[in-house]
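Trainee: coords please:
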Amino acid sequence: MTDIETMRTLRLGAFLVAACSPVPAYAALDPTDVVQVQATASLLRDDNVYRLPDSFIAPPGSGLENRADTLRILGVGLKVDKMLSRQRLLADWKVNETTYDKNTNLDFVGGDGKLAWLWQAGNHWNGEASYRKVRTLGGFTDVRQSIKDLIDTETYTLTGGYQFHPRWRIGAEYIDLESTHSERRDLDSDARVSGLLLTYRTPADNTIGLVARRTERHYPHRTINVTTDNGHVETRLNVITGWRLSGAVRIDGHVGHVDVEHDSISQRDFSGLVWRAAAAWDPTAKLRLNFLTYRDLRLYEDLVSSYVVATVVGFSPVYAVTEKILLQADLNVENREYRGDPGLAVFAPPPTGEEKLRLARLTASYSPLRNLGLSLSFEAGDRKSPREDRTFDYRSWFGTIRVGF
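Mentor: All right, here's what the predicted structure looks like:
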């Protein structure tokens with residue numbers, strides 16, 4: 001698993017649940033504006049930045065002495081969304097500067113930029129051509145080092161589809177993704193993704209479909225040996241659906257099969273069932289209840305594991321106290337199974353086995369004006385593992401002010 005994936009693991013399930021809630025990225029702005037500018041200022045307090053066990057004693061000079069720290073994040077964003085006849089042009093750029101009070105060696109400037117052309121040809125052909133680049137800091141959940149590993153991820157996307165019937169659409173996609181690390185170069189990867197999609201849409205706007213996707217992934221800076229491979233092919237076949245059961249309930253999800261075949265070490269291969277199901281229920285005009293469960297494969301490679309099978313359950317209620325005040329809770333439990341021991345390492349650590357990660361977050365948002373938003377969050381999480389050196393817990397506070405123009 002790459003560091004960018006590791007950093008997001010504790011938050012992934014909760015964010016997927018929260019995605020159903022009515023909180024747009026530019027919440028304080030009029031979405032019909034062609035040009036939108038947003039500035040943000042955030043303060044984060046984390047009592048366990050490096051996700052260390054309680055019993056861990058940092059060696060002098062290791063850089064891990066400052067377990068707790070306060071982060072300041074300043075950001076600015078520019079979004080241009082323009083329709084030219086039937087063509088939509090989109091430019092979305094965000095940059096942020098993160099500074100640490102104590103761990104100043106981790107200070108960095110990150111960002112997320114995207115250019116997209118949402119094209120339309122006639123009444124039946126449409127698709128997207130886009131480029132996106134993201135820079136972020138690698139996480140510390142599975143890395144016991146104070147290193148500033150900046151990760152640059154570039155994604156080229158080309159999709160197209162043909163509406164050959166009022167209810168039927170066929171589509172194809174090609175994605176070229178490259179991820180580079182400033183420090184941990186063995187995690188650099190190139191991926192080529194190709195896929196086909198067939199969907200059926202009812203007059204009530206419910207959908208069901210079939211998606212086939214093939215990913216060829218390569219690690220250019222790895223050397224093949226008895227325990228390390230430098231590439232694999234991942235094949236997925238999923239049935240997908242999005243269905244509104246009533247005016248207050250909608251479900252979305254997929255179920256399918258995934259195969260991973262490594263170039264050289266077949267002992268690391270995987271084949272199994274995966275799924276994702278999300279439901280949103282609006283029992284009242286002010287309350288939304290979001291539910292999520294999924295089982296999926298995550299790439300993770302060390303001497304005794306090749307992948308993680310993650311099973312997640314999440315719950316996120318959202319309550320609109322008034323038109324300007326929103327309360328949201330996120331609860332997430334993830335069970336990890338570390339599998340795929342190739343059995344080729346003589347001097348190897350004990351297998352990780354199964355782990356449980358838990359996350360709870362409470363967020364209050366306030367928008368006193370159309371172009372002003374404030375939010376405050378408290379988050380608590382932990383990981384329970386058979387290996388004491390992988391067990392940790394943390395608490396964090398996160399406050400943000402957003403101003404839009």
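
Trainee: hey, let's count contacts and neighbours off CA atoms from now on
Mentor: Noted.

Trainee: Can you point out the helix or strand that includes the closest residue to residue 258 other than its chain neighbours?
Mentor: Excluding the flanking residues, the one nearest residue 258 by C-alpha to C-alpha, 6 or more residues apart in numbering is residue 236, at 4.5 Å. Element membership of residue 236 [criterion: DSSP states H and E] is strand 231-244.

Trainee: now the angle between strand 231-244 and the following helix or strand past that strand, please.
Mentor: Toward the C-terminus, strand 231-244 is succeeded by strand 249-262 as the next helix or strand (DSSP H and E). Going by axes from the mean of the first three to the mean of the last three C-alpha atoms, to 10 degrees, strand 249-262 is angled at 170 degrees with respect to strand 231-244.

Trainee: on contacts alone, who are the packing partners of strand 249-262?
Mentor: strand 231-244, strand 270-281 (3 or more C-alpha pairs under 8 Å, 6 or more residues apart in numbering; DSSP states H and E).

Trainee: angle of the strand holding residue 236 against strand 270-281?
Mentor: 30 degrees.

Trainee: and strand 231-244, what other elements does it pack with?
Mentor: So strand 231-244, by 3+ C-alpha pairs under 8 Å, 6+ apart, packs with strand 207-218, strand 249-262.

Trainee: Would you convert those strands into CSV that also reports mean neighbour count, distance to residue 333 and mean pLDDT?
Mentor: What follows is these, written out as CSV (neighbours: other C-alpha atoms under 10 Å; distance: least, C-alpha to C-alpha, whole Å; pLDDT from 0 to 100):
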stretch, mean neighbour count, distance to residue 333, mean pLDDT
strand 207-218, 18, 28, 96
strand 249-262, 18, 19, 95
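
Trainee: Nearest to residue 293, out of those?
Mentor: Across the helices and strands packed on strand 231-244, residue 293 has its closest neighbour in strand 249-262 (9.4 Å, C-alpha to C-alpha).

Trainee: can you list the residues that contact that closest one?
Mentor: Residues outside strand 249-262 that contact it (C-alpha atoms under 8 Å, 6 or more residues apart in numbering): 229, 231-245, 268-282.

Trainee: Mind doing that once more with 6 Å?
Mentor: 232-244, 269-281 (C-alpha atoms under 6 Å, 6 or more residues apart in numbering).

Trainee: re earlier: got the helices and strands packed on strand 231-244 as CSV, with distance to residue 125 columns?
Mentor: Compiled in CSV, the helices and strands packed on strand 231-244 are given as follows (distance: least, C-alpha to C-alpha, whole Å):
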stretch, distance to residue 125
strand 207-218, 18
strand 249-262, 25
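
Trainee: Quick one: closest of those strands to residue 59.
Mentor: strand 207-218 (35.7 Å).

Trainee: What pairs with the closest one, parallel or antiparallel?
Mentor: strand 189-201 (antiparallel), strand 231-244 (antiparallel) (DSSP bridges).

Trainee: Nearest to residue 339, out of the helices and strands packed on strand 231-244?
Mentor: Closest among these, using C-alpha to C-alpha: strand 249-262, at 12.9 Å.

Trainee: chain center to the closest one: distance?
Mentor: From the chain centre to the centre of strand 249-262 is a distance of 16 Å (C-alpha atoms, centre = their mean, to the nearest Å).

Trainee: Repeat that for stretch 172-190.
Mentor: With C-alpha atoms, centre = their mean, you get 15 Å for stretch 172-190.

Trainee: In it, which residues are buried?
Mentor: 172-181, 184-185, 187-190 (16 or more other C-alpha atoms under 10 Å).

Trainee: which residues touch it?
Mentor: By C-alpha under 6 Å, 6+ apart, stretch 172-190 touches 149-160, 191-196, 217-219, 221-222.

Trainee: now swap in stretch 140-159 and tell me
Mentor: So stretch 140-159 is contacted by 50-51, 63, 106, 127-138, 172-183 (C-alpha under 6 Å, 6+ apart).

Trainee: one more time with 7 Å
Mentor: Residues outside stretch 140-159 that contact it (C-alpha atoms under 7 Å, 6 or more residues apart in numbering) are 6-7, 50-51, 63-64, 106, 127-138, 172-184.

Trainee: still on that earlier bit, which pLDDT value goes with the residue nearest to residue 258?
Mentor: On the pLDDT scale, residue 236 is placed at 97.

Trainee: for residue 386, same thing?
Mentor: For residue 386, pLDDT reads 89.
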